[in-house]
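Novice: My questions are about this predicted structure, shown below with the sequence.
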Amino acid sequence: MTMDTPIDYENPWYYKGSAFTSDDINDLFGFVYRITNLSTGKQYIGRKYFWQKRKPKGGKRRVTSESDWKRYFGSSEELKRDIKDLGRENFRREILSVHKTLGRVNYEETRQLFLNNVLTESVDGLPKYYNNNILGRYMRKDYFDADN
(Lines give C-alpha, C1' and ligand atoms only; values in the text may rest on other atoms or scores of the structure.)
Protein backbone atom coordinates (compact mmCIF):
# COMPACT_ATOMS: atom_id res chain seq x y z
CA MET A 1 0.00 0.00 0.00
CA THR A 2 1.19 3.47 -0.79
CA MET A 3 1.93 5.33 2.42
CA ASP A 4 1.92 8.84 0.91
CA THR A 5 -1.49 8.49 -0.73
CA PRO A 6 -4.12 10.25 1.39
CA ILE A 7 -7.26 8.30 2.22
CA ASP A 8 -9.98 10.01 0.22
CA TYR A 9 -12.99 8.11 1.53
CA GLU A 10 -14.71 7.37 4.83
CA ASN A 11 -14.36 4.06 6.71
CA PRO A 12 -11.68 2.70 4.34
CA TRP A 13 -11.20 -0.87 3.22
CA TYR A 14 -8.12 -2.41 4.88
CA TYR A 15 -5.88 -4.91 3.13
CA LYS A 16 -2.99 -6.51 5.01
CA GLY A 17 -3.26 -3.85 7.71
CA SER A 18 -3.23 -0.75 5.48
CA ALA A 19 -5.99 1.36 4.00
CA PHE A 20 -6.57 0.50 0.33
CA THR A 21 -6.69 3.37 -2.18
CA SER A 22 -7.26 3.82 -5.91
CA ASP A 23 -3.47 3.88 -6.34
CA ASP A 24 -3.35 0.27 -5.12
CA ILE A 25 -5.66 -1.10 -7.83
CA ASN A 26 -3.07 -1.25 -10.65
CA ASP A 27 -4.10 -4.19 -12.88
CA LEU A 28 -6.49 -5.79 -10.36
CA PHE A 29 -10.06 -6.63 -11.32
CA GLY A 30 -11.69 -6.97 -7.90
CA PHE A 31 -11.58 -8.29 -4.36
CA VAL A 32 -13.20 -10.58 -1.82
CA TYR A 33 -14.05 -8.87 1.45
CA ARG A 34 -15.42 -9.26 4.96
CA ILE A 35 -17.51 -6.66 6.74
CA THR A 36 -17.77 -7.11 10.52
CA ASN A 37 -20.36 -5.57 12.84
CA LEU A 38 -18.11 -4.36 15.67
CA SER A 39 -20.89 -4.53 18.29
CA THR A 40 -22.14 -8.07 17.56
CA GLY A 41 -19.26 -9.68 15.64
CA LYS A 42 -21.67 -10.73 12.88
CA GLN A 43 -19.94 -10.83 9.48
CA TYR A 44 -20.64 -10.64 5.77
CA ILE A 45 -18.41 -12.07 3.06
CA GLY A 46 -18.76 -10.82 -0.50
CA ARG A 47 -16.98 -9.64 -3.62
CA LYS A 48 -16.64 -6.32 -5.40
CA TYR A 49 -15.16 -5.31 -8.73
CA PHE A 50 -12.93 -2.23 -9.04
CA TRP A 51 -14.22 -1.45 -12.52
CA GLN A 52 -17.59 -0.93 -14.18
CA LYS A 53 -18.48 -0.73 -17.85
CA ARG A 54 -21.20 1.75 -18.76
CA LYS A 55 -22.59 3.02 -22.00
CA PRO A 56 -22.85 6.83 -21.74
CA LYS A 57 -26.12 8.44 -22.84
CA GLY A 58 -26.00 8.93 -26.56
CA GLY A 59 -22.67 7.11 -26.70
CA LYS A 60 -21.95 4.11 -28.87
CA ARG A 61 -19.11 2.54 -26.92
CA ARG A 62 -19.03 1.27 -23.39
CA VAL A 63 -16.67 3.16 -21.14
CA THR A 64 -14.72 1.56 -18.29
CA SER A 65 -14.47 3.57 -15.08
CA GLU A 66 -13.73 2.95 -11.42
CA SER A 67 -16.72 1.42 -9.60
CA ASP A 68 -18.28 2.62 -6.34
CA TRP A 69 -16.09 0.20 -4.36
CA LYS A 70 -15.05 2.88 -1.84
CA ARG A 71 -18.67 3.50 -0.77
CA TYR A 72 -19.81 -0.12 -1.05
CA PHE A 73 -21.15 -1.91 2.03
CA GLY A 74 -22.45 -5.20 0.63
CA SER A 75 -25.71 -6.35 -0.90
CA SER A 76 -27.32 -7.92 2.19
CA GLU A 77 -30.52 -6.08 3.15
CA GLU A 78 -30.06 -7.09 6.81
CA LEU A 79 -26.51 -5.72 6.80
CA LYS A 80 -27.61 -2.48 5.16
CA ARG A 81 -30.32 -2.06 7.82
CA ASP A 82 -27.79 -2.57 10.63
CA ILE A 83 -25.41 -0.06 9.02
CA LYS A 84 -28.21 2.47 8.76
CA ASP A 85 -29.24 1.88 12.41
CA LEU A 86 -25.75 1.67 13.95
CA GLY A 87 -23.68 3.90 11.64
CA ARG A 88 -20.86 3.00 9.25
CA GLU A 89 -18.24 3.64 11.92
CA ASN A 90 -19.47 0.54 13.78
CA PHE A 91 -18.41 -1.76 10.92
CA ARG A 92 -14.93 -2.88 9.88
CA ARG A 93 -14.31 -3.40 6.16
CA GLU A 94 -11.42 -5.64 5.18
CA ILE A 95 -10.19 -7.00 1.89
CA LEU A 96 -9.41 -10.71 2.23
CA SER A 97 -7.86 -11.14 -1.23
CA VAL A 98 -7.39 -9.25 -4.50
CA HIS A 99 -7.58 -10.76 -7.99
CA LYS A 100 -6.73 -9.89 -11.59
CA THR A 101 -9.67 -11.61 -13.30
CA LEU A 102 -13.45 -11.80 -12.94
CA GLY A 103 -13.27 -15.59 -12.71
CA ARG A 104 -10.79 -15.56 -9.85
CA VAL A 105 -12.81 -12.99 -7.89
CA ASN A 106 -16.00 -15.01 -8.30
CA TYR A 107 -14.33 -18.34 -7.51
CA GLU A 108 -12.61 -17.04 -4.38
CA GLU A 109 -15.82 -15.47 -3.06
CA THR A 110 -17.67 -18.78 -3.44
CA ARG A 111 -14.74 -20.68 -1.90
CA GLN A 112 -14.70 -18.37 1.13
CA LEU A 113 -18.47 -18.66 1.59
CA PHE A 114 -18.21 -22.46 1.80
CA LEU A 115 -14.96 -22.49 3.83
CA ASN A 116 -16.52 -20.21 6.44
CA ASN A 117 -19.82 -22.14 6.52
CA VAL A 118 -21.73 -18.87 6.18
CA LEU A 119 -25.11 -20.62 5.98
CA THR A 120 -24.71 -22.81 9.07
CA GLU A 121 -22.34 -21.13 11.58
CA SER A 122 -24.01 -19.69 14.65
CA VAL A 123 -23.18 -17.80 17.82
CA ASP A 124 -25.57 -18.31 20.75
CA GLY A 125 -28.12 -19.83 18.37
CA LEU A 126 -28.07 -16.88 15.97
CA PRO A 127 -26.49 -16.83 12.50
CA LYS A 128 -22.83 -15.72 12.59
CA TYR A 129 -23.05 -14.32 9.05
CA TYR A 130 -25.35 -11.89 7.27
CA ASN A 131 -25.05 -14.02 4.11
CA ASN A 132 -28.34 -15.82 3.50
CA ASN A 133 -27.47 -17.65 0.30
CA ILE A 134 -24.59 -18.89 -1.84
CA LEU A 135 -24.90 -18.38 -5.61
CA GLY A 136 -28.66 -17.88 -5.19
CA ARG A 137 -28.85 -21.66 -5.04
CA TYR A 138 -28.04 -22.62 -1.45
CA MET A 139 -30.24 -20.81 1.08
CA ARG A 140 -29.53 -20.31 4.77
CA LYS A 141 -33.15 -21.21 5.62
CA ASP A 142 -32.57 -24.68 4.18
CA TYR A 143 -29.37 -25.36 6.16
CA PHE A 144 -29.37 -23.22 9.29
CA ASP A 145 -30.44 -25.08 12.39
CA ALA A 146 -30.85 -22.90 15.48
CA ASP A 147 -30.71 -26.08 17.58
CA ASN A 148 -27.31 -27.36 16.40
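Specialist: Yep, it's here.
Novice: what is the mean pLDDT for stretch 97-111?
Specialist: Taken as a whole, stretch 97-111 carries a mean pLDDT of 97.
Novice: same deal with stretch 68-88?
Specialist: Mean predicted confidence for stretch 68-88 is 95.
Novice: tell me which residues of that stretch are tucked away?
Specialist: Going by neighbour count (16 or more other C-beta atoms under 10 Å), the buried part of stretch 68-88 is 69-70, 73-74, 76, 79, 82-83. Every residue, glycine included, has its C-beta placed from N, CA and C.
Novice: same question, stretch 98-110
Specialist: Neighbour-count burial for stretch 98-110 [16+ other C-beta under 10 Å]: 98-99, 105-106, 108-109.
Novice: List of residues touching it?
Specialist: 15, 27-32, 45-47, 49, 96-97, 134-135 (C-beta atoms under 8 Å, 6 or more residues apart in numbering).
Novice: so where's the chain uncertain?
Specialist: Applying pLDDT under 70 to the chain flags the ranges 1-5, 145-148.
Novice: these two touch, right, T21 and I7?
Specialist: Yes - under the criterion of C-beta atoms under 8 Å, T21 makes contact with I7 at 6.5 Å.
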